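**Q** sequence and predicted structure below; questions after.
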Amino acid sequence: MSISERLRAASPYRLLLVATLAAIVLAQVVAMALVTRSQVQKAEAHYAAERSTATAAAAASSTARPSRDVVKVGYVASR
(Lines give C-alpha, C1' and ligand atoms only; values in the text may rest on other atoms or scores of the structure.)
Protein backbone atom coordinates (compact mmCIF):
# COMPACT_ATOMS: atom_id res chain seq x y z
CA MET A 1 0.00 0.00 0.00
CA SER A 2 1.50 3.36 -1.02
CA ILE A 3 1.38 6.54 1.03
CA SER A 4 -1.25 8.18 -1.19
CA GLU A 5 -3.53 5.13 -0.85
CA ARG A 6 -3.14 5.19 2.91
CA LEU A 7 -3.96 8.91 3.05
CA ARG A 8 -7.10 8.41 0.96
CA ALA A 9 -8.23 5.60 3.27
CA ALA A 10 -7.47 7.55 6.48
CA SER A 11 -10.08 9.40 8.48
CA PRO A 12 -10.28 13.21 8.28
CA TYR A 13 -9.01 13.57 11.83
CA ARG A 14 -5.93 11.52 11.02
CA LEU A 15 -5.30 13.69 7.95
CA LEU A 16 -5.65 16.80 10.10
CA LEU A 17 -3.18 15.37 12.61
CA VAL A 18 -0.65 14.54 9.87
CA ALA A 19 -1.03 18.00 8.32
CA THR A 20 -0.59 19.68 11.71
CA LEU A 21 2.52 17.65 12.52
CA ALA A 22 3.98 18.42 9.10
CA ALA A 23 3.34 22.15 9.61
CA ILE A 24 5.02 22.05 13.03
CA VAL A 25 8.08 20.28 11.64
CA LEU A 26 8.30 22.76 8.77
CA ALA A 27 8.03 25.71 11.18
CA GLN A 28 10.80 24.28 13.37
CA VAL A 29 13.10 23.78 10.38
CA VAL A 30 12.52 27.37 9.26
CA ALA A 31 13.16 28.67 12.79
CA MET A 32 16.40 26.67 13.04
CA ALA A 33 17.56 28.08 9.70
CA LEU A 34 16.82 31.64 10.79
CA VAL A 35 18.61 31.22 14.12
CA THR A 36 21.61 29.63 12.42
CA ARG A 37 21.85 32.44 9.88
CA SER A 38 21.61 35.04 12.67
CA GLN A 39 24.37 33.35 14.67
CA VAL A 40 26.64 33.16 11.62
CA GLN A 41 26.12 36.86 10.90
CA LYS A 42 26.88 37.77 14.52
CA ALA A 43 30.03 35.63 14.49
CA GLU A 44 31.22 37.19 11.24
CA ALA A 45 30.68 40.68 12.67
CA HIS A 46 32.48 39.71 15.88
CA TYR A 47 35.49 38.29 14.02
CA ALA A 48 35.63 41.32 11.71
CA ALA A 49 35.65 43.68 14.69
CA GLU A 50 38.27 41.55 16.44
CA ARG A 51 40.42 41.52 13.30
CA SER A 52 40.21 45.30 12.85
CA THR A 53 41.06 45.84 16.52
CA ALA A 54 44.06 43.54 16.24
CA THR A 55 45.31 45.31 13.10
CA ALA A 56 44.84 48.71 14.72
CA ALA A 57 46.72 47.56 17.83
CA ALA A 58 49.52 46.10 15.71
CA ALA A 59 49.79 49.31 13.70
CA ALA A 60 49.86 51.40 16.87
CA SER A 61 52.50 49.23 18.54
CA SER A 62 54.74 49.23 15.46
CA THR A 63 54.75 53.04 15.22
CA ALA A 64 55.10 53.73 18.96
CA ARG A 65 58.61 53.66 20.33
CA PRO A 66 59.14 52.56 23.89
CA SER A 67 60.56 55.14 26.25
CA ARG A 68 64.02 54.83 27.73
CA ASP A 69 62.54 53.88 31.09
CA VAL A 70 61.02 50.66 29.75
CA VAL A 71 62.83 47.50 30.82
CA LYS A 72 62.24 44.14 29.19
CA VAL A 73 61.54 41.42 31.70
CA GLY A 74 61.75 37.71 30.93
CA TYR A 75 60.36 34.87 32.96
CA VAL A 76 62.40 31.81 33.79
CA ALA A 77 60.89 28.55 34.98
CA SER A 78 61.89 27.69 38.53
CA ARG A 79 63.96 24.59 39.03
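**A** That came through fine. Numbering: from 1, shown residues only.
**Q** show the pLDDT at the spatially closest residue to residue 10 that is not a sequence neighbour.
**A** Nearest-residue entry for residue 10: residue 18, 7.7 Å, with adjacent residues in sequence omitted and distances by CB to CB, 6 or more residues apart in numbering. Quick note: C-beta positions are derived from backbone N, CA and C, even for glycine. pLDDT, residue 18: 89.
**Q** ok, residue 10 next?
**A** 80.
**Q** now it: how far from residue 73?
**A** Distance, residue 10 to residue 73, using CB to CB, to the nearest Å: 79 Å.
**Q** that older thread, look at the residue nearest to residue 10 and say how many residues are nearby.
**A** The burial count assigned to residue 18 is 13, neighbours taken as other CB atoms under 10 Å.
**Q** Three-state assignment for it, please.
**A** helix (DSSP: H, G, I helix; E, B strand; the rest coil).
**Q** next: residue 6.
**A** The three-state assignment at residue 6 reads helix, by three-state DSSP.
**Q** repeat for residue 68
**A** Applying three-state DSSP: residue 68 is coil.
**Q** how many neighbours does it have?
**A** Counted with other CB under 10 Å, the neighbours of residue 68 add up to 6.
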